[in-house]
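In: What would the 3D arrangement of this be:
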Amino acid sequence: MPKSFIPIAFPQQTPPPEGAVILAADIGGTKADLAFFEIKNSEPVLVKEQRYPSKEWNSFVEMAQDFNKNTTRPQRICVSFAGPVRDGKAHGTNLHWEIDSREISEKLNIRPVFLINDLEANCYGLAALKTDDLLMICPGKNHEAGNAAVISPGTGLGEGGLFWDGQAYRPFATEGGHSHFAARNELDWELFLFLEKKYGHVSWERVVSGPGICMIFSFFRDVKGWEAPGILKTEMKAHDPAAAIAIAATEGCPVCQETLRLFMKYLAEEAANLALKLKATGGIYLGGGILPKIWNETHQAIFNEYFFAVGRLDPLVEAAPVYLILNQKTALWGAGYYGAFGGV
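Out: Numbers count the residues shown, from 1 in each chain. This is a model prediction of the structure:
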């Protein structure tokens with residue numbers, strides 16, 4: 001069993017034989033990271049990795065065959081996938097793939113093959129983190145051991161839980177990012193109506209994600225009449241539009257700054273919801289690829305303003321320490337660790 005300063009319980013304590021190789025993958029709606037982990041001194045060590053654009057490939061099997069060419073075949077596979085996993089199968093939420101662990105096993109002739117949700121992998125990946133992989137946002141008052149949670153905005157909004165069994169955390173997946181968005185004031189309600197007209201159902205993922213940043217920006221521009229610099233339109237077409245908005249915010253663009261203010265407000269509100277629902281006194285971990293790139297003192301102040309505004313149960317939320325995960329390969333490491341210590 002791997003030892004770390006965040007104790008994570010895995011299904012199996014005994015690692016594969018020394019030198020065994022695990023193919024781990026973290027597949028999201030935009031990108032897919034594949035890596036080989038080799039067992040050294042009873043723990044997985046990353047030895048090779050490569051990034052693929054998810055939507056340019058038809059299947060994980062094709063990716064794996066490309067990644068594995070001219071190398072020794074791995075003994076195990078673990079795939080972290082952005083979508084609900086049921087009976088070893090999943091359909092992508094933001095990637096139109098069907099993925100089946102049994103089919104992967106048959107086509108690649110490798111056993112075992114584990115398929116886990118990406119936020120479950122993110123939770124397992126906490127086992128691989130060092131102290132400098134985390135930034136403390138709030139220390140927590142009267143901190144006590146208890147459940148924890150991970151919330152990760154990216155192409156979508158992932159949410160995962162960690163049940164505290166008294167000695168270690170036991171990760172589990174959720175699809176909480178698809179629960180109903182809750183408007184709290186008139187501006188929220190206007191945004192809700194704007195999104196409802198476009199999507200029908202409005203979930204937290206529609207506002208707390210990369211595409212969510214773009215939707216909030218569109219709302220301010222098209223509904224509220226805020227002006228945006230002409231160059232921004234060009235940058236949004238040429239590059240990742242959410243990233244272009246974030247960069248423009250740092251350069252003083254008012255509509256972009258207001259967009260990120262609302263994004264951070266909604267992140268804080270849903271993180272607080274998660275803390276309450278899971279009684280996460282053990283901690284809230286902010287993950288995903290967006291936050292480490294945009295986090296600053298202004299955003300931290302916005303987060304703190306809204307995270308603690310939960311009414312009568314303020315003390316429960318105040319007890320939860322909040323951390324920003326700086327290591328953007330946490331889910332990939334989680335897949336590597338689960339590949340080594342998952343149940344066979």
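In: For the closest residue to Ile22 other than its chain neighbours, give me its contacts.
Out: Computed as C-beta to C-beta, 6 or more residues apart in numbering, the closest residue to Ile22 that is not its neighbour in sequence is Gly339, at 3.8 Å. Bear in mind the C-beta positions are built from the backbone N, C-alpha and C, glycine included. Contacts were defined as C-beta atoms under 8 Å, 6 or more residues apart in numbering; by that measure Gly339 touches Ile22, Leu23, Ala24, Phe37, Pro44, Arg76, Ile77, Cys78, Phe114.
In: Let me know the closest of these to Asp240.
Out: Ala24 (25.0 Å; C-beta to C-beta).
In: Okay, buried residues for the helix or strand harbouring that closest one please.
Out: When elements are defined using DSSP states H and E, Ala24 is found to belong to strand 21-27. Of the residues in strand 21-27, those buried by neighbour count under the rule 16 or more other C-beta atoms under 10 Å are Val21, Ile22, Leu23, Ala24, Ala25, Asp26, Ile27.
In: for that strand, packing partners?
Out: Contacts defined by 3 or more C-beta pairs under 8 Å, 6 or more residues apart in numbering; DSSP states H and E place strand 21-27 against strand 31-40, helix 60-68, strand 76-81, helix 118-125, helix 330-341.
In: Tell me the strands beside the shortest one, with direction?
Out: Taking DSSP bridges as the criterion, strand 76-81 sits next to strand 21-27 (parallel), strand 113-117 (parallel) in its sheet.
In: quick one, that strand and helix 118-125 angle?
Out: Compare the direction of strand 76-81 with that of helix 118-125 by axes from the mean of the first three to the mean of the last three C-alpha atoms, to 10 degrees and you get 120 degrees.
In: If you average the pLDDT over strand 76-81, what comes out?
Out: The predicted model gives strand 76-81 an average pLDDT of 97.
In: Show me what the helix or strand just after that strand is packed against.
Out: Per DSSP H and E, the first helix or strand lying C-terminal to strand 76-81 is strand 85-86. Contact analysis of strand 85-86 by 3+ C-beta pairs under 8 Å, 6+ apart lists strand 113-117 as its packing neighbours.
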